[in-house]
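Visitor: compute the structure for the input listed below.
(chains A and B)
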Amino acid sequence: MAQKPSIPKGTRDFSPQEMVRRNYIFDTIKLVFQRYGYLPIETPAMENLETLTGKYGDEGDKLIYKIRSNKNLLEKYPTLRDCNCLKTVYNYDWIPMASDKALRYDLTVPFARYVVQHQNEITFPFKRYQIQPVWRADNPQKGRYREFFQCDADVIGSNSLINEVELTQMIDDVFTTLNVPVVIKINNRKILSGIAEIVGAADKMIDIATAIDKYDKIGDVGVNKELSEKGFSNEQIEKLEQVFLATSDRIILGPGYDGKDKNLVRLELLREHQEYRSSEIFLEGVKELEAVFKTIIDLGLTSANVEFDITLARGLNYYTGAIFEVKANKGTLTSSICGGGRYDDLTGIFGLPNMSGVGISFGADRIYDVLNELDLYPDTVSASTKLLFVTFGKDEQNYCLPLLAKVRKAGINSEIYPDANAKMKKQMSYADDKKISFVVIVGGDEMASGELTLKNMTSGKQEKIKIEKIIEKLK
RNA sequence: GUGGCCAUAGCUCAGUUGGUUAGAGCAUCGGUUUGUGGUACCGAGGGUCGUGGGUUCGAGCCCCAUUGGCCACCCCA
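Guide: Down below sits the predicted model:
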């Protein structure tokens, strides 16, 4: 017996029913992308390693899947074969040369690379969407995979905040269609930069951001402890706590709250904040968000809630302006199902400066998990074949083949049971299992009269009917 | 990279203080007289109990190691 086959950790197989469901998600997202004027591109699964490194922070870089070279180090340096220290590491005759390629970690960095490479063919602002798998050498757990699909939409070459508004509307559109209640959290890295500047730690913005990101998880005590461990003084920590507390519900919903939009109240509070208003970049971030929120409120969203959250950080290093994160309000998955933000200089690294971009990324696999858990698929998602020809032998089958072709030409998904000798029960079970809505039963009587037996598999009712009428009926 | 839990049929699991030939449900396939599925009844196939070692007269069960999985931390879609 052969060994039981398996697939690598953190990867999944998708069977037909699952694929139909996943395609429903992809189709929904794609439709929204197209409706807002985004055009598709694809990039290779692998990139040059140097394209990817240094873009995702220290933790991110560790999770990049490196592709080992096919060249054998021992062929180039045969004397290495005798090196004992290598032998203890590699007990075989093949030592790969240094890896210089890697699997893509996300779709944003390859996109930036693409834009720089194709800058002369692109009309800016460039709106592209991209739906492809990405790979991360992470430890799998709930909602976390080593291979998963991202669905990205990005605008590059436009500073306008209308893009931020539009992306928010797209998130709303997608999750409204999918029937998933969500909260869209929005923050701005400039606010975080300003905060870091004010407390005298401008170079430690990332440290502050990743610590305060855990506010709702480990509370103020935990956050303060982490900040302290990272070398922040008590004075700095106190100053930081002050600004985060300023936007808490307890403060803004207190006496004097006049029912105005919470997000705008929070931002106004920050704009007027004694200590922090002195930072230019801080105020810039606040003003940007005020503009974004005002427009969103004016236009209104269909089902999503938007929320300004000053503790939202996001780990990716390249974000410089607005940052987004979307979570489902129902179900047990607590991690984000969509994220994004503005990056002012991602193309600069590849030699094309002053090209600001902003984008969002839907995590298709997590959305799939949420939809599965909440069972949010419409009935129409399961049906594929609409009509099955059931026959009793070779003669009947031959009689049906031209009819089948006719039905297919009319655009009706249909098939015939291939094994002419199969018993009727077998053929009916097949239809039942595939959730085929109608079967046509063809035997001697039907062939003689041309009146075929059409059975509705849901109601169980059947009627004698000519093929033309069947086509008319099912079209 | 760190920690916790788990591993028996394709799937979900049972399996007594260690004792003959390891069970059930679901799924699959076949049958209940050869033109009718989803419900019923009968039957069949399918397991070196994750792998390797140890203790024992005897191990699915106890011990050690190893691999894999799930969950949490870190970080992220």
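
Visitor: so what's the residue count around A:Ile360?
Guide: A:Ile360: 25 surrounding residues under other Cβ atoms under 10 Å. For glycine as for every other residue, the C-beta is placed from the backbone atoms N, C-alpha and C.

Visitor: doesn't it belong to a strand?
Guide: Yes - under DSSP: H, G, I helix; E, B strand; the rest coil, A:Ile360 falls within a strand.

Visitor: for it, which non-adjacent residue is spatially closest?
Guide: Nearest in space to A:Ile360, with sequence neighbours left out and distances taken as Cβ to Cβ, 6 or more residues apart in numbering, is A:Gly340 at 3.3 Å.

Visitor: likewise A:Arg12?
Guide: Nearest non-adjacent residue to A:Arg12 (Cβ to Cβ, 6+ apart): A:Tyr145, at 6.9 Å.

Visitor: next, the one you found: phi, psi?
Guide: Main-chain torsions, A:Tyr145, degrees, to the nearest 10: phi -130, psi 160.

Visitor: return the distance of it relative to A:Phe392.
Guide: Note on A:Tyr145: its distance to A:Phe392, by Cβ to Cβ, to the nearest Å, is 48 Å.

Visitor: need the residues of the stretch 151-300 of chain A near RNA strand B, please.
Guide: Neighbours of RNA strand B within the stretch 151-300 of chain A, by Cβ under 7 Å from any atom of the strand: A:Thr210, A:Asp213, A:Lys214, A:Lys217, A:Ile218.

Visitor: does A:Glu325 count as helix, strand or coil?
Guide: strand.

Visitor: so who does A:Lys66 touch?
Guide: A:Leu49, A:Ser99, A:Lys101, A:Ala102 (Cβ atoms under 8 Å, 6 or more residues apart in numbering).

Visitor: the second one: how many residues sit nearby?
Guide: So that's A:Ser99. Neighbours of A:Ser99 under the rule other Cβ under 10 Å: 12.

Visitor: beta partners for the closest residue to it other than its chain neighbours?
Guide: Spatial nearest neighbour of A:Ser99, chain neighbours left out: A:Lys66 (4.3 Å); criterion: Cβ to Cβ, 6+ apart. Applying DSSP bridges to A:Lys66 gives these bridge partners: A:Ala102.

Visitor: for A:Lys66, give its distance to RNA strand B.
Guide: For A:Lys66, the distance to RNA strand B equals 13 Å [Cβ to the nearest atom of the strand, to the nearest Å].

Visitor: quick check: pLDDT value at that residue.
Guide: Per-residue pLDDT puts A:Lys66 at 87.

Visitor: where does the residue nearest to A:Ile360 fall, secondary structure wise?
Guide: Per DSSP states H and E: A:Gly340 is located in strand A:338-343.

Visitor: now swap in A:Leu301 and tell me
Guide: Using DSSP H and E, no helix or strand contains A:Leu301.

Visitor: then the one 5 residues further on?
Guide: A:Val306 is part of strand A:305-308, with elements assigned from DSSP H and E.

Visitor: show me what counts as buried in that strand.
Guide: Buried residues in strand A:305-308, counted by 16 or more other Cβ atoms under 10 Å: A:Val306, A:Glu307, A:Phe308.

Visitor: isn't the first one up against A:Asn187?
Guide: The one in question is A:Val306. No - taking Cβ atoms under 8 Å as the definition, A:Val306 is not a contact partner of A:Asn187, at 11.4 Å.

Visitor: all strands of the stretch 251-400 of chain A, in order?
Guide: Assigned by DSSP state E, counting those that start in this stretch, the strands in the stretch 251-400 of chain A fall at A:305-308, A:322-328, A:338-343, A:357-363, A:387-391.

Visitor: what number of residues lie near A:Glu59?
Guide: Residues lying near A:Glu59 (other Cβ under 10 Å) number 10.

Visitor: and the helix or strand it falls within, what's its mean pLDDT?
Guide: Using DSSP H and E, A:Glu59 falls within helix A:57-62. Helix A:57-62 shows an average pLDDT of 84 in the prediction.

Visitor: how far does it sit from its chain's centre?
Guide: Computed by Cα atoms, centre = their mean, to the nearest Å, the chain-centroid distance of helix A:57-62 equals 20 Å.

Visitor: who's in contact with that helix?
Guide: Under Cβ under 8 Å, 6+ apart, the answer for helix A:57-62 is A:Thr53, A:Gly54, A:Tyr105, A:Ala137, A:Ile206, A:Gly315, A:Leu316, A:Asn317.

Visitor: please convert the buried members of those into PyMOL selection syntax.
Guide: For the buried members of the contacts of helix A:57-62, the matching PyMOL selection, counting by 16+ other Cβ under 10 Å, is:
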select buried, chain A and resi 105+206+316+317
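
Visitor: closest to RNA strand B among the contacts of helix A:57-62?
Guide: A:Gly315 (0.8 Å; Cβ to the nearest atom of the strand).

Visitor: check what pLDDT that closest one gets.
Guide: You'll see A:Gly315 listed with a pLDDT of 68.

Visitor: likewise for A:Ser336?
Guide: With respect to pLDDT, A:Ser336 scores 92.

Visitor: any idea how far it lies from A:Asp216?
Guide: Going from A:Ser336 to A:Asp216 by Cβ to Cβ gives 13 Å.

Visitor: cool, A:Phe293 as well?
Guide: Note on A:Phe293: its distance to A:Asp216, by Cβ to Cβ, is 21 Å.

Visitor: comparing these two, which residue is more hemmed in?
Guide: A:Phe293 (23 against 10).

Visitor: which ones are touching that one?
Guide: The contact partners of A:Phe293, taken as Cβ under 8 Å, 6+ apart, are A:Ile186, A:Asp261, A:Asn263, A:Leu264, A:Leu267, A:Val306, A:Phe308.

Visitor: out of these, who's nearest RNA strand B?
Guide: The closest of the contacts of A:Phe293 to RNA strand B turns out to be A:Ile186 (Cβ to the nearest atom of the strand; 13.7 Å).

Visitor: SS state for that closest one?
Guide: State at A:Ile186, reduced to three classes by three-state DSSP: strand.

Visitor: excluding its backbone neighbours, what's nearest the residue of the stretch 51-200 of chain A found nearest RNA strand B?
Guide: Of all residues in the stretch 51-200 of chain A, A:Lys142 sits closest to RNA strand B, at 3.2 Å by Cβ to the nearest atom of the strand. Closest residue in space to A:Lys142, ignoring its immediate chain neighbours: A:Leu333 at 7.1 Å, by Cβ to Cβ, 6+ apart.

Visitor: cool, A:Asn329 as well?
Guide: In this structure, A:Asn329 finds its nearest non-sequential neighbour in A:Pro181, 4.2 Å apart by Cβ to Cβ, 6+ apart.
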